[in-house]
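Engineer: Got a predicted model here, sequence first, then my questions.
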Amino acid sequence: MCYHSIEISQKGKFTVTGAVLRRQLNYCRQKKFGIISPLELLKKENLVKGRLMITFDDGYLDNYSVLLPLLNELNIPAIIFPVVGYIGQTNTWDLKGELRGRELLDWDKIREMSNQGIIFGSHGMAHVDLCKLNDHELEWELKESKRIMEEKLNNPVIAFSYPYGRYDERVKRFVKEAGYDYALALGAQGENNLNTADYFALKRVAIYGDELPLVSWTKINGLYDFLSLATGIYLKPKSCI
């Protein structure tokens, strides 16, 4: 499951409210889906039907002020993917979107969250479409962001989240060569199966703040593919192909 921003009351496409997220996470716990940590994902036997992983892209400041207390209260693991070159700044890559200008986490808060058990991955240096980069630029985005995160946190960075969800076979190969253990795609692509999962294009669905509760429910339950096919709004994987 992929989220972005979270606030107390404001909502938008990429911003869910704290109350909505609380209900969704409590539902996951009550149904005993098994919310696994990013570290547990390294064990392939955890790729079984019904298990979920909670992810947040971009690394917004509200992940500290609103999300962290909620995760601690509910004892739920999660992974956050900051845009490493923008840490401590604001979102300036989302030129026309609702998240433009939104404050991002700084290193002090990232370290504090890491010390409290939150796992951090990489979302690259500049939130760019990796498919459009040449080999040298692509390698730098992947390796430099990983190096900086590991140096600042003194922890291995095991996971990468594709900006805009876009990737191709070349990008996947570079991610693997950069030393990541897995990478997350985006789009309603079905479940990750133990026997067929591509660890460098693991499937995720985005949870949006402005979608109907029924849509979020189908995503959480792994039924969104059926609903979207029936309604003609199927979200294809955002690969570069």
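Structural biologist: Received, thanks.
Engineer: nearest residue to A185 other than its sequence neighbours?
Structural biologist: A201 (4.6 Å; Cβ to Cβ, 6 or more residues apart in numbering). Any C-beta I mention is one placed from the backbone N, CA and C, and that applies to glycine too.
Engineer: So the one you found versus G165, what's the distance?
Structural biologist: As judged by Cβ to Cβ, to the nearest Å, A201 and G165 stand 10 Å apart.
Engineer: When the two are compared, which one has more neighbours?
Structural biologist: Neighbours per residue (other Cβ atoms under 10 Å) separate A201 from G165, with A201 holding more: 24 against 21.
Engineer: looking at it, that one is touching Y182, isn't it?
Structural biologist: No. If you go by Cβ atoms under 8 Å, A201 and Y182 don't touch, sitting 9.1 Å apart.
Engineer: And the helices in the chain?
Structural biologist: Under the criterion DSSP state H, the chain contains helices at 18-30, 62, 68-74, 107-115, 135-153, 169-177, 213-220, 224-231.
Engineer: could these be laid out in a markdown table, adding mean neighbour count, distance to P38 and mean pLDDT?
Structural biologist: What follows is those, written out as a markdown table (neighbours: other Cβ atoms under 10 Å; distance: least, Cβ to Cβ, whole Å; pLDDT from 0 to 100):
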| stretch | mean neighbour count | distance to P38 | mean pLDDT |
| --- | --- | --- | --- |
| helix 18-30 | 16 | 16 | 90 |
| helix 62 | 21 | 20 | 97 |
| helix 68-74 | 14 | 13 | 95 |
| helix 107-115 | 16 | 12 | 98 |
| helix 135-153 | 17 | 13 | 98 |
| helix 169-177 | 17 | 15 | 98 |
| helix 213-220 | 17 | 18 | 87 |
| helix 224-231 | 14 | 22 | 53 |
